[in-house]
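**Q** Predicted model, plus sequence, below.
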Amino acid sequence: MASSKCPSCSNQSFELVELIPSGSSYKMNSIQCSHCGAVAGIVDYTNTEYLINKQSKEINEIHSSLDIINRNLRSIIGLLKK
Ligand SMILES: [Zn+2]
């Protein structure tokens with residue numbers, strides 16, 4: 001497999017650097033050459049997979065809470081019908 005190299009200086013070491021581009025209100029990360037700073041790519045500041053998994057867990061917790069509320073309401077309705 002070929003190794004990535006900087007298009008400017010051919011260095012093969014890169015680093016992740018936080019940045020807020022002018023005109024943007026969002027942080028981003030640049031992947032840049034650790035020697036000369038040439039930008040090789042831009043990635044989101046936050047990890048999308050992490051956020052999706054976190055939201056999925058929160059949705060499942062809400063669903064479980066709604067199931068409990070639904071069961072309790074059915075019990076209350078059952079008691080009121082007696
Ligand atoms: Zn470089």
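**A** In hand now; what should we look at?
**Q** Per the annotation, how does this protein divide into domains?
**A** 1-45, 47-82 (automatic domain parsing).
**Q** now the last one, how far from the chain's geometric center?
**A** If you compare the mean C-alpha spot of domain 47-82 with that of the full chain, they lie 24 Å apart, counting by Cα atoms, centre = their mean, to the nearest Å.
**Q** Worst mean pLDDT across the helices and strands of the chain, which element?
**A** In the chain, no helix or strand scores lower on mean pLDDT, DSSP states H and E than strand 39-44, which sits at a mean of 93.
**Q** For this protein, which residues are neighbours of the ion?
**A** Proximity of the chain to the ion, by Cβ under 5 Å from the ion, involves residues 6, 8-9, 11, 33, 35-36, 38. All C-beta spots, glycine's among them, are computed from the backbone N, C-alpha and C.
**Q** what inclination does whatever helix or strand Leu66 lives in have with respect to strand 39-44?
**A** In the assignment (DSSP states H and E), Leu66 maps to helix 48-81. Relative orientation of helix 48-81 versus strand 39-44 (axes from the mean of the first three to the mean of the last three Cα atoms, to 10 degrees): 10 degrees.
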